[in-house]
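**Q** 3D model of this:
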Amino acid sequence: MTGEEVSGPPGPKMFRLFFFVGAGVFCTFAINKWRDYERKMIMKQQQQAKGIAEIQSSSDAVDIHKPLN
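**A** Numbering: from 1, shown residues only. Presented below is the predicted three-dimensional model:
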């Protein structure tokens, strides 16, 4: 045996090639979607943290006076 497959006509080999390329395209698409999802989640967390920091800094700046009784 020389290590080559004996599969007959080139049809099945072309089918496997297209299947392999299609799987690669699908995986690339899925990876890009996952990266986009993670990036959006990080941006959302940063915006929430920024909003909380702004609320805390604005509440620190407010001087609360208690009535004298």
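
**Q** name the SS class of residue 9, please.
**A** Counting by DSSP: H, G, I helix; E, B strand; the rest coil, the backbone at residue 9 sits in coil.

**Q** offset the numbering so it begins at 182, please.
**A** Sure, I'll start numbering at 182, so the last one becomes residue 190.

**Q** list the residues that contact it.
**A** Contacts for residue 190 (C-beta atoms under 8 Å, 6 or more residues apart in numbering) come out as none. (C-beta placed from N, C-alpha, C; glycine too.)

**Q** and it, how close does it get to residue 196?
**A** Distance, residue 190 to residue 196, using C-beta to C-beta, to the nearest Å: 11 Å.

**Q** how close does residue 222 get to residue 208?
**A** Taking C-beta to C-beta, one finds residue 222 at 21 Å from residue 208.

**Q** go on, residue 200?
**A** 13 Å.

**Q** for residue 217, same thing?
**A** From residue 217 to residue 208 the distance is 15 Å (C-beta to C-beta).

**Q** could you do residue 193 as well?
**A** 22 Å.

**Q** let me know the helix or strand that residue 217 is in.
**A** Element membership for residue 217, per DSSP states H and E: helix 192-242.

**Q** can you give me the mean pLDDT across that helix?
**A** Across helix 192-242, pLDDT averages out at 88.

**Q** count the neighbours of residue 198 for me.
**A** 11 (other C-beta atoms under 10 Å).

**Q** I misspoke; the intended subject was residue 216.
**A** Using other C-beta under 10 Å: residue 216 sits among 10 other residues.

**Q** could you pull up the residues touching it?
**A** Contacts of residue 216 by C-beta under 8 Å, 6+ apart: none found.
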